[in-house]
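1. quick one: sequence and predicted model below, then my questions.
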Amino acid sequence: MQPIKKQRVSSMVIDAIEKMVVDNKLPPGAKLFSENELSKALEVSRASVREAIRIMEVTGRVVVKQGAGAFLADPLSAEMQPLATWLNNNRELLAEHFAVRILIEPHSAAKAAVNLDARELQQLHAACDAFDEALARNDMQALLQADKKFHLTIAKAARNRTLYMLMKTMTNSLSEGWISSLNTPGRLEKTVREHRDLLDALEQHQSEKAAELVKHHLEQALLEINEYCNDEKAEQL
């Protein structure tokens, strides 16, 4: 494996893992290197490796066993976790993730509507455009990065260092919320509209509306994750 030193690290980690699987002819069920081993071999942070493994887990390419590590998924195995199973197994974690964001992001958006400068506005437009382009390519890693960039730019524009650092930690180390939401059926298209509506409110310095829109955006994401889990459970009964 070669060191990785470019942006969109999680995407490149996934490419490196998939190449490793092919090069070593690893069969379904084979155990991957540990998070620490991958981090050292690829010269990236453990957070980037963790995010890459989460994406591969949600998309059914690996199975993560608590305390044992990550294993290549076997499509014929009962252990393979489709999205709905992964979401159900991580429901409490996702609820906590969105609860914190629903608390802080409306305040962040309201402040950003007042403080946003021209450069940040340009970055928000660029993040929306990047999201649209990634959606057209069905590039999940690029979608994830564009989504994080959009929300993190709003947090930065709020001019509150504590709030910004909290959001930065959540985008860098706690990716489950973003990954799960973007993989829920129909959410990508709704995210395009909701981000554009929020951007309009920010551009027009409408603090109250911006706060309401981001709260609605996050509440809908969590609601649709729960509805999807419930529907899948009902089908299995």
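-> Looks like it arrived, so ask away.
2. buried set for the helix or strand of the chain at the bottom of the mean pLDDT ranking?
-> Ranked by mean pLDDT, DSSP states H and E, the helix or strand of the chain with the weakest confidence is helix 83-89, at a mean of 74. Within helix 83-89, the residues scored as buried using 16 or more other CB atoms under 10 Å are 83-88. Glycine gets a C-beta too; all of them are placed from N, C-alpha and C.
3. any idea of the mean pLDDT for the longest helix along the chain?
-> Longest helix in the chain by number of residues (criterion: DSSP state H): helix 207-236. Averaged over helix 207-236, pLDDT sits at 87.
4. ok, stretch 66-78 next?
-> Confidence for stretch 66-78, expressed as mean pLDDT, is 76.
5. go on, stretch 157-171?
-> The model assigns stretch 157-171 a mean pLDDT of 91.
6. list the buried residues in that stretch.
-> By neighbour count on 16+ other CB under 10 Å, the buried set for stretch 157-171 is 157-158, 160, 163-164, 166-167, 170-171.
7. for the residues you listed, which one is nearest Asp231?
-> Using CB to CB, the shortest approach to Asp231 within the buried residues of stretch 157-171 belongs to Met170, at 27.5 Å.
8. which residues does the closest one contact?
-> Counting by CB atoms under 8 Å, 6 or more residues apart in numbering, Met170 makes contact with 97, 100-101, 177.
9. counting neighbours, which of these comes out on top?
-> Arg101 (25 neighbours; other CB atoms under 10 Å).
10. excluding sequence neighbours, find me the nearest residue to it.
-> With sequence-adjacent residues excluded and distances taken as CB to CB, 6 or more residues apart in numbering, Arg101 is closest to Leu218, at 5.3 Å.
11. for the protein, what spans make up the helices?
-> 9-23, 35-42, 46-58, 83-89, 91-115, 118-137, 140-157, 161-173, 176-183, 187-203, 207-236.
12. let me know which of the ones you listed is the nearest to Asp74.
-> helix 9-23 (12.8 Å).
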